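1. here is my input, please return the structure:
(one chain, ligands or ions: 2)
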Amino acid sequence: MLTEQSAATVRATLPAVGAAIGEITERFYARLFAARPALLRDLFNRGNQAAGTQKQALAGSIAAFAGHLLDHPEQRPDAMLARIAHKHASLGVTPGQYEIVHEHLFAAIAEVLGEAVTPEVAAAWDEVYWLMAHALVAVEKRLYEESGARGFREFEVVERVEETPDVVTFALRAADGGPVRDFRAGQYVSVRVGLPDGARQIRQYSLSGAPGETVRRITVKRVHGGAAPDGEVSNHLHARVRPGDVLQLSGPYGDLVLDCGPDTPLLLASAGIGVTPMIAMLAGLAADGHRAPVTVVHGDRSPADHALRADHTVYAAKLPEASVHFFYERDAEPGTRTGLVDLTGVPVRPGTRAYLCGPLPFMRTVRARLVERGVAPADIRYEVFGPDLWLAQA
Ligand SMILES: Cc1cc2nc3c(=O)[nH]c(=O)nc-3n(C[C@H](O)[C@H](O)[C@H](O)COP(=O)(O)OP(=O)(O)OC[C@H]3O[C@@H](n4cnc5c(N)ncnc54)[C@H](O)[C@@H]3O)c2cc1C
Ligand code: HEM
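-> Numbers count the residues shown, from 1 in each chain. Ligands and ions are numbered 1, 2, ... in the order given. Next up, the predicted model:
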């Protein structure tokens, strides 16, 4: 909780800081990467940096955290902190790195706001930063303890499956032959690859196999850049990685996990490559003998573009009460529907918990329809395959 004096100062300066936060984070990253180039080369996602999306996520989360401290001083925004901490833990972020971020963030604030940053203002925002940083460090410490390790481990590719022209699945086994910790359906791993220019870049991939398997499976869609550059890591994995090659993987992290009993009705809605966590969830539900109805919804460009379609169908069929609704923009077959996902006629049971994964516009639409159909907003969970620009609203 903020001290009373800091709360008054943060309240008075939040509009000015909020208005300048885009510029502050711009300068912050410029300073950080000038002082520590290895952080951009080997830790931060340089595609997101170039596209500017990660900057918005960081700025949004600090402003949202400050707002939350003022409006609800008695509670912590746990969902937001968990999402960030899981991402950080998958990247191996250390407590010492918070000092480095602090140094460059506060230098950037002073640079942008100039004389408005009196000692009181600096002290109040320092308090906000460290409240957030300590909360994140505490969750990250717990995650590292649960995982038994921090950082990356070598995994050998034991199988490569071409799912669609743009999607490949890799099955990976720990190169040291040792056991791997089981994951919870819906979690992801960070994958670190060495690129031709010497950089080591990290991306997250949801685990698309069944929990309990001895191999890790990830299913990767190649990102075509169009006018922008092609995605670095996904194209590297597609073009260069074959059985026998070694990738570096973090432990499993991520807070979009199934957390309900066997009698909770579920709705799993995905679009495109957002199918990956849903496959692990369906496999987990089938293995656990989930009794309640499960509504499976998926949208894709065509059946041929629908990665892991066979797994989607086979795992759903193992559930006693599943209804499956596939939507394709073209080439829809009997039993599937033409067009974008449309929940008209799709069963949504009372007390449903929903898990969504796909592009943001898809998730916004599905979420709005589910709320109209009576699903409690708190029962709608989602995963974003990029910096989470919804976080600030969490
Ligand atoms: C929790 C989580 C789970 C995920 N699970 C999966 C999964 O199961 N399967 C999957 O395929 N993906 C998944 N992703 C997405 C994955 O992590 C990567 O983001 C994706 O593979 C793209 O990475 P890339 O390196 O190929 O693209 P990047 O190089 O990171 O590029 C990303 C975007 O930035 C653009 N860009 C790059 N440089 C510039 C520039 N100079 N100017 C403007 N734009 C630029 C690119 O065109 C591209 O659109 C997941 C992400 C998260 C966060
Ligand atoms: C209080 C301090 C911090 C805040 C508020 C913060 C906030 C965030 C947020 C909101 C995200 C995006 C999460 C998502 O959408 O999934 C993120 C990702 C990330 N953070 Fe932090 N962070 C902090 C400290 C740090 C530190 C100390 C480091 C290490 C130097 C770090 C490295 C990263 C990296 C590498 C990513 C992923 C970047 C990407 O994929 O583009 N962060 N952080």
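2. just the closest residue of the chain to ligand 1, please.
-> Per CB to the nearest ligand atom, residue 231 is where the chain lies closest to ligand 1, at 2.1 Å. Where you see a C-beta, it was placed from the backbone N, CA and C, and this is true even at glycine.
3. show the backbone phi and psi for the most far-flung residue of the chain relative to its centre.
-> The C-alpha centroid of the chain is most remote from residue 115, which lies 37.9 Å away (CA atoms, centre = their mean). Phi and psi for residue 115, reported as degrees, to the nearest 10, are phi -70, psi -20.
4. then residue 348?
-> Backbone geometry at residue 348, expressed as degrees, to the nearest 10, gives phi -130, psi 100.
5. for the residue farthest from the centre of the chain, give its distance to residue 121.
-> Distance, residue 115 to residue 121, using CB to CB, to the nearest Å: 10 Å.
6. and if you look at residue 330?
-> Using CB to CB, residue 330 is found at 57 Å from residue 121.
7. more crowded one of the two?
-> residue 121 (20 against 12; other CB atoms under 10 Å).
8. can you tell if the lowest-mean-pLDDT helix or strand in the chain touches ligand 2?
-> Counting by mean pLDDT, DSSP states H and E, the chain has its least confident helix or strand at helix 53-71, which shows a mean of 81. Yes. Residues of helix 53-71 contacting ligand 2 under CB under 6 Å from any ligand atom: 54, 57, 58, 61, 62.
9. spell out which parts of the stretch 151-300 of the chain neighbour ligand 1.
-> Residues of the stretch 151-300 of the chain lying near ligand 1 (CB under 6 Å from any ligand atom): 188, 203-206, 219-221, 223, 225, 228-229, 231-235, 254, 273, 276.
10. buried ones among those?
-> Applying 16 or more other CB atoms under 10 Å to these, the neighbour count classes 188, 203-206, 219-221, 223, 231-235, 254, 273, 276 as buried.
11. among the residues you listed, which lie within strands?
-> Filtering those for membership in strands, criterion DSSP state E, returns 188, 203, 204, 205, 206, 219, 220, 221.
12. surely the first one touches residue 255?
-> No. Taking CB atoms under 8 Å as the definition, residue 188 is not a contact partner of residue 255, at 10.3 Å.
13. domain assignment for this structure?
-> Per automatic domain parsing, the structural domains of the chain span 4-147, 153-249, 266-383.
14. please tell me how far the last one is from the chain's geometric centre.
-> Using CA atoms, centre = their mean, to the nearest Å, we find the averaged C-alpha position of domain 266-383 to lie 18 Å away from the chain's own average C-alpha position.
15. can we start the residue count at 46 from this point?
-> With 46 as the first residue, the last one maps to domain 311-428.
16. straight-line length of stretch 349-359, end to end?
-> 17 Å (CA to CA, to the nearest Å).
17. ok, stretch 347-367 next?
-> With CA to CA, one end of stretch 347-367 sits 22 Å from the other.
18. residues touching the residue lying closest to residue 346 once chain neighbours are set aside, list them.
-> Closest residue in space to residue 346, ignoring its immediate chain neighbours: residue 374 at 5.1 Å, by CB to CB, 6 or more residues apart in numbering. The contact partners of residue 374, taken as CB atoms under 8 Å, 6 or more residues apart in numbering, are 344, 345, 346, 347, 383, 384, 385.
19. for the second one, give the beta-bridge partners.
-> When you say that, I think you mean residue 345. residue 373 (DSSP bridges).
20. roughly how far out does the top strand by length along the chain sit from the chain middle?
-> Secondary structure of the chain per DSSP E: the longest strand is strand 198-209. Relative to its chain's centre, strand 198-209 lies at 21 Å (CA atoms, centre = their mean).
21. next, the buried residues of it.
-> Neighbour counts using 16+ other CB under 10 Å place 198, 200, 201, 202, 205, 208, 209 of strand 198-209 among the buried residues.
22. give me the next element, helix or strand, following the helix ranked longest in the chain.
-> In the chain, taking DSSP state H as the definition, the longest helix is helix 49-80. Downstream of helix 49-80, the next assigned helix or strand under DSSP states H and E is helix 82-87.
23. buried set for the helix or strand following that following helix?
-> With elements assigned by DSSP H and E, the helix or strand that comes after helix 82-87 is helix 91-96. By 16+ other CB under 10 Å, the buried positions in helix 91-96 come out as 91, 92, 93, 96.
24. next one: stretch 253-262
-> Using 16+ other CB under 10 Å as the test for burial, stretch 253-262 gives 253, 254, 255, 256, 260, 261, 262.
25. for residue 146, state which of the residues you listed is nearest.
-> Distance ranking of the buried residues of stretch 253-262 against residue 146, using CB to CB, places residue 261 first at 30.2 Å.
26. format the contacts of residue 374 as CSV; extra columns: neighbour count.
-> Listed next are these as CSV, based on neighbours: other CB atoms under 10 Å:
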residue, neighbour count
344, 25
345, 25
346, 15
347, 13
383, 12
384, 11
385, 13
